[in-house]
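Novice: how would this look folded up:
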Amino acid sequence: NRYMSIIEDYSLPYPDDDKVKLLTIRPAYNMMISERVKAELRKENTINLFSELINKCLADISRETDDVKLFVSSQHFLEESSEYENVYLELSRHSVEVARLLAQTGELQRYLQQLLHQKSTLQRKKKTSGSGEDPSITLTDEKLSFQDNQLRSIQKEIRIKQHLWENYKKWKDLTNS
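Specialist: Residues are numbered from 1 along each chain as shown. Have a look, this model is predicted:
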């Protein structure tokens, strides 16, 4: 098509056979270009929808993290009058919950990296200016990193409290013998 565009732009003569070929190929070529543009728009819409879903999942994880953090920071876990079995069971249950949330956060981070790659690929194809990074995606990545750090902190707190209760039980057993 570039070859034919140059010929037409400079009004160069060309054989009639080429004119016929051009007339038959041009509609198919134009339709192909149109379909490619439509596909890129669908891809961009899908990327935006996926970005919204990631943000929704992140909000859900954030709420669950806040709930776990509030529960784990309860004084109940530091009171000597609490029952070891109940406390240890609750801490273990929350430890599993934090591990699940960490796995989800990691999965969202992988999805987000793929999303960023796809978005930059689209921008390169469109030959747009800029670094290819969407500020909303970068912000979401920062939120995910913060969420990951917060969950790891909660996980450490749970482990510390579990060790505290294990050692407390050992001490009680040793002193009661």
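
Novice: so what does the one helix or strand T105 maps to touch, helix or strand wise?
Specialist: Using DSSP states H and E, T105 sits within helix 84-126. Identification of packing neighbours for helix 84-126 by 3 or more CB pairs under 8 Å, 6 or more residues apart in numbering; DSSP states H and E yields helix 16-72, helix 135-176. Yep, even glycine has a C-beta here, placed from its N, CA and C like the rest.

Novice: give the other helices and strands that the first one contacts.
Specialist: Okay, so that is helix 16-72. Taking 3+ CB pairs under 8 Å, 6+ apart as the contact cut, helix 16-72 packs with helix 84-126, helix 135-176.

Novice: how far does the longest one sit from its chain's centre?
Specialist: Relative to its chain's centre, helix 84-126 lies at 8 Å (CA atoms, centre = their mean, to the nearest Å).

Novice: per-residue confidence averaged over that helix?
Specialist: Helix 84-126 shows a mean pLDDT of 88.

Novice: angle of it against helix 135-176?
Specialist: 160 degrees (axes from the mean of the first three to the mean of the last three CA atoms, to 10 degrees).

Novice: and the angle for helix 84-126 with helix 16-72?
Specialist: 160 degrees.

Novice: could you give the number of residues near S120?
Specialist: By the criterion of other CB atoms under 10 Å, S120 has 17 neighbours.

Novice: which pLDDT value goes with D66?
Specialist: pLDDT, D66: 95.

Novice: that one: what's it in contact with?
Specialist: For D66, the contact set (CB atoms under 8 Å, 6 or more residues apart in numbering) is empty.

Novice: so that it lines up with my notes, have the first residue be 20 from now on.
Specialist: With the count now opening at 20, the last piece we talked about shows up as D85.

Novice: out of the helices and strands packed on helix 35-91, which is closest to E83?
Specialist: E83 sits nearest to helix 103-145 of all the helices and strands packed on helix 35-91, at 5.9 Å, using CB to CB.

Novice: which intervals of this structure have sub-threshold pLDDT?
Specialist: In the predicted model, the chain carries pLDDT under 70 at residues 20, 22-23, 146-158.
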